[in-house]
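Student: based on what follows, work out the 3D shape:
(2 chains)
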Amino acid sequence: MTRWRGFYPLTSQLLRTSRRCLFERFMAHDWLKGVDDTYDVVVIGSGLAGLTGANCLARCGRKVLLLEHHYQFGGLATWFTRKGGHIFDISLHGFPIGMIKSARKYWSQEIADSIVQLKGIRFVNPQFNLTTTFDRADFTRLLIEHFRVPVEVVERFFTDLRAMNFYDHNPETTGEMLDRYFPGRDDVKRFLMEPITYANGSTLADPAITYGIVFSNFMSKGVYTFRGGTDLLIRKMSEELVRNGVELRKHVAVEKVLVSEIDGARRVTGVIANGRTIRCQAVLSNANLKGTILKLVGEEQFPPDFVARANAVRINTSSCQVYLGIRKGESIPPIGDLIFVSDSPHFTSDELVDFRTTSRTFSVYYPETRPGSGRYAVVCSLNARYEDWNQLADEDYRREKQRLIDESIACLERFVPDVRAKIDWAEAATPRTIERYTRHWKGTSFGTKFEGLKVSMDLPSQLPGLHHAGSVGIIMSGWLGTINYGVIAANNIDKYLFAQKRPEPAPPAPVAGAGPG
Amino acid sequence: MTKDDCKKLVTEIIADIAPDEDLSNLKPDVRLRDQLQLDSMDFLDIVMELRKRHGIEVPEADYIQLASLESCAEYLTPKFNALEGKR
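Tutor: Take a look at the predicted model:
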């Protein structure tokens, strides 16, 4: 025994040492090797807004460096693999048809061509049980036939929604607006609102315009996904970026955005990343809005009233997910692509984000997602509050994650009774997981509430050269919103750089006494 | 540059942004939005392409000038000619 006692600490000491060596070697690797000292634009973060903004700027002929702290590009448009050949997508299922056009315009025809419709969208709750293709025609049919809403009300609702304008400054909330068309119809509200909450974290208390824009986008022609999976999409985007000359780096955390005073005015002049200074004329931050202003730049660089506005921006809620991998060779029957399930007798925005919510969405991944793979997976998404998860002690945290897994499998058994025996991988993610991998403020999965959009858009006027794009203001959440916001920001940066271009300097005047003469 | 040349350049840009649209019968005096499936992102693309291809900046306040081919020509032709003068 004595021998062992001496041996054990030695082994663990050795293990610790070798692990530390590996860690140090990893850290010592220069992830910025070969990167130049100066760029036109540094993009912080590789979410879809960062990737798309970088691509647009490169196509405009700008010299772009894109830096991602994680070991994978994509931000929340991401995936992970697990033992047993499992691939889990985090946010792939369910974007509007507009993605096809944006993918073609800002990426490639090839990427656009891989976008396919999901036709089996189901709702299962105590108020109704139905399947829809999730487009205006089918929603109209269901509202009239199933919910018995008069046809003229349905038509007026859809037409008015389409006509809603961001610049109208309508003070109405989504709840008030829905009450106006469908008074006392909790079930109709649930039908119209529940999917949107999973898509962007919005509630009945948010401005009606956020609902109008997002719902109209979805209601255009249904719900779509990317055939081939998130891994293929991000690989294709990365290849396109390289083709267009963008310098892409992973494992590089931007610590600070540098600001200097030039000709009496402060503006962005570079970043510090992995300890190294890189100069640039503009920064496109795809990091969280509050993180950008208050941490990366620092409030001392902004006027006090703007700092107050930034501080007042409310962070949106977050999500939990349960990943269920189906054993190789096993299959599950076609139960639908997206299933919105709830045991709550009534619909409230609070119940959806409750720590013990019974409301969840199953995204079912059939082999068609990755043709040829033959694999099935189910990702269960729940809305969540960061505060509920962040305060848990480690043991409670583990227990609550297990509860999520157990409840999700039990719920899935209603659709596939023998599914438990087919699952050979199950794990859960929480707002803490999102915080760890994306560094999002309070682990949010949906950016900020409405007021964040104005703060984000006002950034360049507060600090020239500083631009932000990403999930803000609800409208810019989700894949389509954030891609388009990346383009809008890229246009503003290109405009800024265009204006910076100074006239050709005059030839230097000869200096008396200089030269050998 | 004539206004017709300018309309041609704008039409070329639109053809690239909206390859599925038939542009052969575009009415110059009717709003583009009323004849084509163009959204606000498409108009932003027109602005970006004008800067990229021709070095012309359209301030946000003037986006409304891009409503129809005719108004584009009215607004952009002097800008094209001013640039040519500088070259």
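Student: what does chain B put close to chain A?
Tutor: Proximity of chain B to chain A, by CB under 8 Å from any CB of the partner chain, involves residues B:17, B:41, B:44-45, B:47-48, B:51-52, B:57. C-betas here are computed from N, CA, C, even on glycine.
Student: the same query, at a cut-off of 6 Å, please.
Tutor: Contacts of chain B with chain A, taken as CB under 6 Å from any CB of the partner chain, map to B:41, B:44, B:48, B:51-52.
Student: tell me, what residue is most central in chain B?
Tutor: Residue closest to the average C-alpha location in chain B (CA atoms, centre = their mean): B:V10, at 3.7 Å.
Student: now do the helices in chain B.
Tutor: B:3-17, B:32-35, B:40-54, B:69-86 (DSSP state H).
Student: so which of the residues of chain B next to chain A is the most crowded?
Tutor: Highest neighbour count within these: B:M48, with 21 neighbours (other CB atoms under 10 Å in any protein chain shown).
Student: now that residue. Nearest residue, chain neighbours left out?
Tutor: A:N491 (5.2 Å; CB to CB, 6 or more residues apart in numbering or on different chains).
Student: what's around that neighbour, how many residues?
Tutor: A:N491: 22 neighbours (other CB under 10 Å).
Student: so it touches B:I46, yeah?
Tutor: No: counting by CB atoms under 6 Å, A:N491 does not reach B:I46; the two are 10.7 Å apart.
Student: residues in contact with A:E110?
Tutor: Shown in contact with A:E110 (CB atoms under 6 Å, 6 or more residues apart in numbering or on different chains): no residues.
Student: buried set for the helix or strand where it lies?
Tutor: Assigned by DSSP states H and E, A:E110 belongs to helix A:109-113. Residues of helix A:109-113 classed as buried by neighbour count (16 or more other CB atoms under 10 Å in any protein chain shown): A:111-112.
Student: and it, how far out from the chain middle?
Tutor: In terms of CA atoms, centre = their mean, to the nearest Å, the centre of helix A:109-113 is found 21 Å from the chain centre.
Student: ok, the helix or strand following it: who's next to it in the sheet?
Tutor: Using DSSP H and E, the helix or strand that follows helix A:109-113 in sequence is strand A:115-118. Here strand A:115-118 is paired, per DSSP bridges, with strand A:223-226 (antiparallel).
Student: now the following helix or strand past the partner strand - C-alpha only, CSV.
Tutor: With elements assigned by DSSP H and E, the helix or strand that comes after strand A:223-226 is helix A:229-243. C-alpha atoms of helix A:229-243 as CSV (Å, rounded to 0.1, in the frame of the first residue of the first chain):
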residue,chain,number,x,y,z
GLY,A,229,-26.0,20.6,-42.4
THR,A,230,-24.5,23.6,-40.7
ASP,A,231,-21.0,22.1,-41.0
LEU,A,232,-21.3,22.0,-44.8
LEU,A,233,-22.8,25.5,-44.9
ILE,A,234,-20.0,27.0,-42.8
ARG,A,235,-17.3,25.2,-44.8
LYS,A,236,-18.7,26.5,-48.0
MET,A,237,-18.9,30.0,-46.6
SER,A,238,-15.3,29.8,-45.3
GLU,A,239,-14.1,28.6,-48.7
GLU,A,240,-15.9,31.5,-50.4
LEU,A,241,-14.3,34.0,-48.0
VAL,A,242,-10.8,32.6,-48.7
ARG,A,243,-11.5,32.8,-52.5
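Student: re earlier: columns mean pLDDT on top of the helices of chain B, output as JSON lines?
Tutor: JSON lines is the format used below for the helices of chain B (pLDDT from 0 to 100):
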{"stretch": "helix B:3-17", "mean pLDDT": "96"}
{"stretch": "helix B:32-35", "mean pLDDT": "93"}
{"stretch": "helix B:40-54", "mean pLDDT": "95"}
{"stretch": "helix B:69-86", "mean pLDDT": "93"}
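Student: between the ones you listed, which one is closest to A:L382.
Tutor: helix B:40-54 (32.1 Å; CB to CB).
Student: what is the closest one packed up against?
Tutor: Using 3 or more CB pairs under 6 Å, 6 or more residues apart in numbering or on different chains; DSSP states H and E as the contact test, the elements touching helix B:40-54 are helix A:478-500, helix B:3-17.
Student: so for the residue nearest to the centre of chain B, what's the nearest residue that isn't a sequence neighbour?
Tutor: Leaving aside its sequence neighbours, B:V10 sits nearest to B:C72 (CB to CB, 6+ apart; 4.8 Å).
Student: next one: A:D168
Tutor: A:I209 (7.3 Å).
Student: quick check: that neighbour vs chain B, distance?
Tutor: Look at A:I209 and chain B: by CB to the nearest CB, to the nearest Å, they are 14 Å apart.
Student: identify the residues contacting that residue.
Tutor: Applying CB under 6 Å, 6+ apart to A:I209 gives the contacts A:164, A:166, A:170.
Student: do that again at 10 Å, thanks
Tutor: Counting by CB atoms under 10 Å, 6 or more residues apart in numbering or on different chains, A:I209 touches A:161, A:164-172, A:174, A:177, A:450, A:473-475.
Student: quick one: buried ones out of the residues you listed?
Tutor: A:161, A:164, A:172, A:174, A:177, A:450, A:473-475.
Student: just the ones in helices from those residues, please.
Tutor: Using DSSP H, the buried ones among the contacts of A:I209 in helices are A:161, A:174, A:177.
Student: right, and the first one touches A:F215 too?
Tutor: Yes: proximity of A:L161 to A:F215 meets the contact threshold set by CB atoms under 10 Å, at 6.2 Å.
Student: what is in contact with those two at once?
Tutor: Common contact partners of A:L161 and A:F215 (CB under 10 Å, 6+ apart): A:L192.
Student: count the residues that sit near A:F158.
Tutor: A:F158 has 18 nearby residues by other CB under 10 Å.
Student: touching, it and A:L143? I think so.
Tutor: Yes: when contacts are counted by CB under 10 Å, A:F158 is listed as touching A:L143 (9.3 Å).
Student: need the residues touching each of the two.
Tutor: In terms of CB under 10 Å, 6+ apart, A:F158 and A:L143 are both contacted by the residues A:Y181.
Student: hey, where'd the helices end up in the stretch 251-400 of chain A?
Tutor: A:289-290, A:304-312, A:349-353, A:386-390, A:394-412 (DSSP state H, counting those that start in this stretch).
Student: beyond the helix or strand hosting A:A426, next helix or strand please.
Tutor: Using DSSP H and E, A:A426 sits within strand A:423-429. Sequence order places helix A:431-438 as the next helix or strand after strand A:423-429, per DSSP H and E.
Student: got the CA coordinates for that next one in CSV?
Tutor: What follows is helix A:431-438, C-alpha atoms only, in CSV (Å, rounded to 0.1, in the frame of the first residue of the first chain):
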residue,chain,number,x,y,z
PRO,A,431,-27.6,29.5,-21.3
ARG,A,432,-24.3,28.8,-19.6
THR,A,433,-23.2,26.7,-22.5
ILE,A,434,-24.1,29.5,-24.9
GLU,A,435,-22.2,32.0,-22.8
ARG,A,436,-19.1,29.7,-22.9
TYR,A,437,-19.0,29.1,-26.6
THR,A,438,-20.2,32.4,-28.0
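Student: ok, back up a step: so what's the residue nearest to B:V10 up against?
Tutor: Contacts here follow CB under 10 Å, 6+ apart; on that basis B:C72 touches B:3, B:6-7, B:9-11, B:13-14, B:28, B:32, B:46, B:50, B:58, B:65-66.
Student: look up the closest residue to the residue in the stretch 151-300 of chain A positioned nearest to chain B, ignoring the ones flanking it.
Tutor: Of all residues in the stretch 151-300 of chain A, the one sitting closest to chain B is A:F166 (9.4 Å; CB to the nearest CB). Distances taken as CB to CB, 6+ apart place A:I209 nearest to A:F166, at 6.0 Å, with adjacent residues excluded.
Student: contacting residues for the residue of the stretch 51-200 of chain A found nearest chain B?
Tutor: Using CB to the nearest CB, the single residue of the stretch 51-200 of chain A nearest to chain B is A:C60, 5.4 Å away. By CB under 10 Å, 6+ apart, the contact list for A:C60 reads A:40-41, A:244, A:490-491, A:493-495, A:497-498, B:48-49, B:51-52.
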